[in-house]
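> here is my input, please return the structure:
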Amino acid sequence: MELSEIQNKIYEIRGTRVMLDRDLAEMYGVETRVLKQAVRRNTERFPDDFMFELTKAESDSLRSQIVILKNEGRGQHSKYLPYAFTELGVAMLSSVLNSKIAIQINMSIMRAFVAVRQLLANPPADEVKLLQKEVKELKEYIEEVFADYNDINEDNQKSFDEIYYALSELAAKQKLKQDEQKKRRPVGFIKPKEED
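Residues are numbered from 1 along each chain as shown. Alright, predicted model coming up:
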């Protein structure tokens, strides 16, 4: 069984990380009632810091968070409240169930509890802060690029202004030249108008 699958079955109830009897029974390959019977026969091995029974309110709260009941078949709806096992209680279960599968599964579960504990003690780098840092660096880079672009743009703008000014002067000279040519008297013979 994958470590992440086991971690997803660890809940926090009453401020303690626990696993529920039905999840453990499924992992061990036994029925939930068999697991509960083994625990009831060995109650002295399961003090309150190893295992506790959920209240109706806790059970209902969990039921609303996760789908825990199947709709088909007989015996799918448990009439008993689930047991919650702490890390110590899970370790004790392997000795009560006393099977090779229980021992193997318990090792995986212990690793999952340790991984959760390490994750809580050393959370991964704050992704939001990493994103903020990357966005800040990107913003600085973009501002730098735009500053360079604006410098180039200003140089280009000066060149465009100079070209525009030169073209405007040329157009003005051309217009003056055309106006002067219109004002000049035509050179040559003017044919008189014929009278009728």
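> could you list the domains of the chain?
3-121, 125-180 (automatic domain parsing).
> now Ala84. Its backbone dihedrals?
Main-chain dihedrals, Ala84, degrees, to the nearest 10: phi -110, psi 130.
> that one is in contact with Met19, isn't it?
Yes: under the criterion of CB atoms under 8 Å, Ala84 makes contact with Met19 at 7.3 Å. Quick note: C-beta positions are derived from backbone N, CA and C, even for glycine.
> which neighbours do these two have in common?
Tyr11 (CB atoms under 8 Å, 6 or more residues apart in numbering).
> which residues are contacting the strand of greatest length in the chain?
Counting residues, the longest strand found in the chain (DSSP state E) is strand 16-20. With contacts defined as CB under 8 Å, 6+ apart, strand 16-20 is touched by 9-12, 54, 62, 82-87, 89-90, 109, 113, 116.
> just the ones of these in helices?
62, 87, 89-90, 109, 113, 116 (DSSP state H).
> is it possible to export those to JSON lines including distance to Asp49, neighbour count and pLDDT?
Converted to JSON lines, the ones in helices among the contacts of strand 16-20 look like this (distance: CB to CB, whole Å; neighbours: other CB atoms under 10 Å; pLDDT from 0 to 100):
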{"residue": "Leu62", "distance to Asp49": "20", "neighbour count": "16", "pLDDT": "79"}
{"residue": "Glu87", "distance to Asp49": "10", "neighbour count": "21", "pLDDT": "87"}
{"residue": "Gly89", "distance to Asp49": "8", "neighbour count": "24", "pLDDT": "89"}
{"residue": "Val90", "distance to Asp49": "12", "neighbour count": "22", "pLDDT": "86"}
{"residue": "Ile109", "distance to Asp49": "17", "neighbour count": "28", "pLDDT": "81"}
{"residue": "Phe113", "distance to Asp49": "14", "neighbour count": "21", "pLDDT": "80"}
{"residue": "Val116", "distance to Asp49": "18", "neighbour count": "17", "pLDDT": "79"}
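> with respect to Leu24, which of the residues you listed is nearest?
Val90 (6.9 Å; CB to CB).
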